[in-house]
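*Asks:* I would like to see how this sequence folds:
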Amino acid sequence: PPDSFLRIAFITMLLDIVCDSKQPKVILDGLSTVMRDQFPATLASYKDRMLEQVLLCVSEGVFTVQEVCRAIDILSLYYDNRKRSLETADKLWFGIVDQYKHINDTETKIAVFGALPHLKNSRNIVMKVLETKGLENWEQYETNDIVEILRVFVNIKYDRIDPAFFNMISEWLALNIHQVKEREILAMLYSLMQLNYMDRKLINTMEKLIKHKGCQIQEFDLVATICDYCYKFRVRSKVILEGASEYFVFHANKLSVPQVYSIARMFGHLDFHPTTGFKFWRELESILEEKFVQFRPVDIIQLLLSFLCLEKYPLNFSNKIFNPYFLDRMHTQEKEDIFLSRQQLKLYDTGMKLECKGYGGPYLPKDTSYKSIDLDSRIKKMANSLFETVGEVVGDYSRVGINVLLSFLPLHPAYIVDMMIYPTQAEALLRFGFKTENSSNIAVLIHLPQHFDRSGEHLLGEQVLRIRHLRTMGFRVMTLNYLTVKTKRTSGSKALKDYVEERYQEAIKGRKS
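*Replies:* Reported below is the predicted structural model:
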């Protein structure tokens, strides 16, 4: 039809004007228009012609780095087929790398960061450019620039990001903390947590924030995220923990259920008793009573277990969790959450029975069928390799057991002892546990780095609870530090034997370790 003929003629003419202009803005606007226009098959060649023109202009150096980045952005959505679009965008990488020396101002650097998600095969090359250029004059970055860089890193889920980038962002935040808005700090911390980054400077920055603003922090999610950060990276900072407990007491009624969970769970996990003490636990118990059904079952169990870690015994929740309604809810969760809930509920039930006189349980049936349980392979391997040394120290290999399951207790990693030293060979054949006389036995526990807080000085709440339960049952406890064992081993068998001997003697004397 004549109108389609006229349209073709008109588009051809426009295309000629655009392509001949050699003006980046005109060409990029044309490229953007062609991308949006739903061409019939007969006109698909116009897209190819525009693409050729862009490639030509980039190769001739007509486009600035920012214009190349805008072209990459447009081309990443150029075709209906996303894979084809990204392959097309990848062709422009040389426009960034060839103009490496012009990537100096902040705006250009951020444009290059913004192009990363649209590059696939060439991402590594462009990343190498940013590893140098992106770190130069980092003091000049504005808040929005840092948020954008982190957004890109989270977006590309890239596991080979140079730690120097994160170090730079941590430095920048420490320098600018007083002028960054709470919501922006929240975005930065949340992104860094997603990217699994933590350093001492970040801890100092969070401490400074909590110390200076404390209960005046308006953004509840900011405090919750700082607590999540400390939980994830095992940061046992007195400043943060005390500040968070005061914040909780002050704002308790205004916090959402996820915020309550984020703040409350870290105290038991990090084995820290807040000085707000009674007020803190009263507020927390009151919220749990009032909003019980709003919490996910797995989170409720985790919170109650964190109470137990700090020797708080929430007796009034027994009838809430050991009832058909709660157990039904528990079994409608995701598969992993059901497994974790059941495992941790057994630990809670047993722990309450062991430690709390007024507890009516255990409420859960005993494990009758033997099920396998995942134990950390590093601990299993080390226990096996220590068998000979421990046997030498006690003077009798037949008195040493490995991965010993305690009797009358649920199948839980906390109740599987890494190594057991029995008083006699005959007793090594017996089962020990909840209802037996255990005082002649020494339970040997091997502690991995992640059993401690970040400083390596304090055991986490779950490990403290495990030791306390073993002692409550009458066992003497001997602890071995995984890293110390590895270090001593490299120094020779005598150094290792001396270390094991020293720990053994301390356990015999009943010293707390």
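*Asks:* need the contact list for the closest residue to P314 other than its chain neighbours.
*Replies:* The shortest distance from P314 to any non-neighbouring residue, by Cβ to Cβ, 6 or more residues apart in numbering, is to F307 (5.2 Å). All C-beta atoms are positioned from the backbone trio N, CA, C, and that covers glycine. Residues near F307 by Cβ atoms under 8 Å, 6 or more residues apart in numbering: 268, 281, 313-314.
*Asks:* hang on, F307 in a helix?
*Replies:* Yes. With DSSP: H, G, I helix; E, B strand; the rest coil as the criterion, F307 is assigned to a helix.
*Asks:* buried set for stretch 72-82?
*Replies:* Buried residues in stretch 72-82, defined by neighbour count with 16 or more other Cβ atoms under 10 Å: 72-76, 78-79.
*Asks:* what of stretch 86-98?
*Replies:* For stretch 86-98, by 16+ other Cβ under 10 Å, it's 86, 88-93, 95-96.
*Asks:* give the buried subset of the contacts of F307 as a ChimeraX selection command.
*Replies:* Per 16+ other Cβ under 10 Å, the buried members of the contacts of F307 correspond to this ChimeraX selection:
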select :268,281,313,314
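*Asks:* V477 belongs to a strand, doesn't it?
*Replies:* Yes. Looking at V477 with three-state DSSP, it is inside a strand.
*Asks:* wait, it touches I467, no?
*Replies:* Yes. Look at V477 against I467 with Cβ atoms under 8 Å: they come within range, at 5.2 Å.
*Asks:* what is in contact with the two at once?
*Replies:* Joint contacts of V477 and I467 (Cβ under 8 Å, 6+ apart) are L445.
*Asks:* neighbour count: the two, which is higher?
*Replies:* Neighbours were counted for V477 and for I467 using other Cβ atoms under 10 Å; V477 has more, 22 against 19.
*Asks:* which stretches of the stretch 351-500 of the chain have low pLDDT?
*Replies:* Within the stretch 351-500 of the chain, the stretches with pLDDT under 70 are 368-372.
*Asks:* how about the helices in it?
*Replies:* Here the stretch 351-500 of the chain has its helices, by DSSP state H, counting those that start in this stretch, at 377-394, 461-472, 482-491, 493-509.
*Asks:* what about these, which gets the closest to V249?
*Replies:* Closest to V249 of the helices of the stretch 351-500 of the chain, according to Cβ to Cβ: helix 461-472, at 20.5 Å.
*Asks:* what's the closest one packed up against?
*Replies:* Packed against helix 461-472 by the contact rule (3 or more Cβ pairs under 8 Å, 6 or more residues apart in numbering; DSSP states H and E) you find helix 257-269, helix 297-309, helix 335-355, strand 442-447, strand 476-481.
*Asks:* now the ones you listed in TSV, with distance to L135?
*Replies:* Converted to TSV, those look like this (distance: least, Cβ to Cβ, whole Å):
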stretch	distance to L135
helix 257-269	33
helix 297-309	40
helix 335-355	39
strand 442-447	38
strand 476-481	37
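*Asks:* closest one to Q179 among these?
*Replies:* Short answer: helix 257-269, nearest of the helices and strands packed on helix 461-472 by Cβ to Cβ, at 25.5 Å.
*Asks:* how far off centre is that closest one?
*Replies:* Chain-centre distance of helix 257-269: 15 Å, with Cα atoms, centre = their mean, to the nearest Å.
*Asks:* give me the angle between that helix and helix 461-472.
*Replies:* Using axes from the mean of the first three to the mean of the last three Cα atoms, to 10 degrees, one finds that helix 257-269 and helix 461-472 are set 50 degrees apart in direction.
*Asks:* tell me which residues of the following helix or strand past helix 257-269 are tucked away?
*Replies:* Helices and strands here follow DSSP states H and E; after helix 257-269, the next one along the chain is helix 277-290. Neighbour counts using 16+ other Cβ under 10 Å place 279-281, 283-284, 287-288 of helix 277-290 among the buried residues.
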